[in-house]
Structures are given as structure tokens and as C-alpha cells.
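1. pasting the sequence and the predicted model now:
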Amino acid sequence: MFAQNANTFEVAVKKTNTYLSVYSQVQPYHFEISLNEYTLPKEDILALHKEYNITNDSIDTIDTYEFLGYLQDKIIHHLVTAINQPEFNTAKIENLFHSNLGILISDDGLLYNFMLDEKTGGSYRSYLSFVYYKPLTTELKVTAEQLRNKELPPPYSAFSGDGFTAIKKMTSATNEVQYIAEGYVKGCGTCFITYVSLITLRNANFETDFSYAVETRLNVADISYSNHLNTITITYDTSDLTPDCYCTEEESHKDYNPENSSKKCICIFNYSNGNFKPSNF
């Protein structure tokens, strides 16, 4: 236990960065790694030896993904500890943590998205991702295991997934706190899933009011939000993954015909009565 919150905050930040530094050095392209290659606190060496039954200091290889999972658990635990300290809300977060940790801040400066490359080793580039909203006074509770399963607990369940590239505050027609969250994830070597959601804070819990996702080949779909027009526009090219233009789930999907040339699709959603709805095409 630490006597003061300031000490707790500083220690949590330091430990987060220690594990982030080690994590940045581990590559998921080998079946096993040697602990001797990394600088870890003694308590972690002892814990790893005990957990994986390493009885000989000269034979200290462990499964790479088990080691990555161990580091992920430590990083998320200490990061959450730091976030739950009052000093977090006044600190310059952008310069506080190792560059291996991705941090996206909403345009109003109140919502934080933390992202860590999961290092699965495959072409699917998944991330451990969670958010924190400054005005909420509830303690943040999340584990790396929940993030690996893409299951953020309340009040942030609506933000579950692989993270975001932009989070924008809406001018709500209902005087509620609303955000547009945009992002994409690389699903394979040449395929991408692009997504956008309208997420609303109600009764201290974030809820998804609108969402749209499209899978594309070679290029990421373009998402454009116009604050002036209150519209979301998604532009993408058809492919074997999405053979026709679909702007709603109710539209009938067509089979892919490789003889057909690719065409450009434009989906426009208009903001009305607190939510986005597809316009007529």
C-alpha cells in the first residue's frame, strides 16, 4: 500500500511504462522466447518461473504468446490503477506513457481511448482497447482478458472492439452527451473492416444508438462527418467482400460476380431526432 495518491499514481505510471517497454521488444513470430533477453523486475521473473514451472535458471524459455499475455495483464492493470487516481485528470496524458501505447482523445478532451497492439502474429491486427470518460465518477474496472475477448464492462460496453481513429462530440438535438466514434481494423492481408457508431451517455452508461460497418478489399472505406450538415458519409468500392452497395442491414445482398467491375458506393446518414438514419438514394 502507498501512503499518498500521488505516490500511487506515479508508481502505477512507472510500472505501466516498464511493462510497455518490455512489450515493445517482444515479437510474436517465434514459438518461444528467453526471459534472459528482457529486463524484468525480479518479482516478475520469480512469478513466471513459478507459473510456468521453470526450475533451471539456464533454461528459461516460455511460450511467446503466454509471455505477451502476462505483459498485457500487467500493462492494463497498472494503467487502470493510474487512471483511477485523481492526478490522472490533470496530467498531460499524451506525454505520460511509452509510445507503444496508443492514446486517442476526443475533440472535446473528455473521452480517452487507450489502444495496445495485441500482437497476435497474424494478418488480423487486433488491439486491446478501452475508453475512459473524465466526467464519470465511477471507478474504472477492466482487465486484459476482457479486452482480448472484446467485452468492455459497463458503463463502456458500447466502445468494445479494436479501438478508434477519431472520436467526435456531437451537438445533440436531445441535450444528451453523444459521440461519433470512427475506426477500422485490418482483418487480413488485403481486407479491412471500417466502422462508425453514434454512442450516447444515458443514466451514467454509454449506449449505441447507430452503427455501420463495411468490409473492403485493399483500401479502407472513407468516413466523413459534417458538423454543418449533420451527416455521416461513407464511401467505398465494391469487391468480393462487399459485392454491392449496402447502406442498411435490410437491403438484399447480391452474390459476387468477378466479371463485374468495381463500383463506388456512397452511403449518407442524416442526423434527426437524436439519431442517424439513411437518406434516400
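-> Thanks, I have it. Numbering: from 1, shown residues only.

2. which parts of the protein are helices?
-> 5-25, 42-51, 64-83, 144-148 (DSSP state H).

3. buried stuff in the first one?
-> To tie it back to what came earlier, the one meant is helix 5-25. Buried residues in helix 5-25, counting neighbours by 16 or more other C-beta atoms under 10 Å, are found at 8-9, 12-13, 15-20, 22-23. For the C-beta atoms, the positions are set from N, CA and C on the backbone; glycine is no exception.

4. of the helices of the chain, which shows the lowest average pLDDT?
-> Of all the helices of the chain, helix 42-51 carries the lowest average pLDDT, namely a mean of 86.

5. okay, the angle between that helix and helix 64-83?
-> Here the directions of helix 42-51 and helix 64-83 differ by 140 degrees (axes from the mean of the first three to the mean of the last three C-alpha atoms, to 10 degrees).

6. kindly export helix 42-51 (C-alpha atoms) in PDB.
-> Taking Å, rounded to 0.1, in the frame of the first residue of the first chain, the C-alpha atoms of helix 42-51 are listed here in PDB:
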ATOM      1  CA  LYS A  42      12.800  -9.700 -10.000                       C
ATOM      2  CA  GLU A  43       9.300 -10.300  -8.800                       C
ATOM      3  CA  ASP A  44       8.100 -11.000 -12.300                       C
ATOM      4  CA  ILE A  45      11.000 -13.400 -13.000                       C
ATOM      5  CA  LEU A  46      10.000 -15.300  -9.900                       C
ATOM      6  CA  ALA A  47       6.300 -15.300 -10.800                       C
ATOM      7  CA  LEU A  48       7.000 -16.500 -14.300                       C
ATOM      8  CA  HIS A  49       9.300 -19.300 -13.100                       C
ATOM      9  CA  LYS A  50       6.600 -20.400 -10.700                       C
ATOM     10  CA  GLU A  51       3.700 -20.200 -13.100                       C
END
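
7. any weak-confidence spans in this protein?
-> Across the chain, the ranges flagged by pLDDT under 70 are 1-6, 55-59, 249-261, 280-281.

8. how close does the residue nearest the centre of it get to Tyr133?
-> Nearest to the geometric centre of the chain sits Gly163, at 2.3 Å (C-alpha atoms, centre = their mean). Counting by C-beta to C-beta, to the nearest Å, the separation of Gly163 from Tyr133 is 16 Å.

9. please apply the same query to Asn203.
-> As defined by C-beta to C-beta, Asn203 lies at a distance of 14 Å from Tyr133.

10. hmm, back to that, and the buried residues of helix 5-25 as JSON lines, adding distance to Ser279?
-> Listed next are those as JSON lines, based on distance: C-beta to C-beta, whole Å:
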{"residue": "Thr8", "distance to Ser279": "51"}
{"residue": "Phe9", "distance to Ser279": "48"}
{"residue": "Ala12", "distance to Ser279": "47"}
{"residue": "Val13", "distance to Ser279": "47"}
{"residue": "Lys15", "distance to Ser279": "50"}
{"residue": "Thr16", "distance to Ser279": "45"}
{"residue": "Asn17", "distance to Ser279": "47"}
{"residue": "Thr18", "distance to Ser279": "51"}
{"residue": "Tyr19", "distance to Ser279": "47"}
{"residue": "Leu20", "distance to Ser279": "44"}
{"residue": "Val22", "distance to Ser279": "50"}
{"residue": "Tyr23", "distance to Ser279": "45"}
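
11. appreciated, that's everything.
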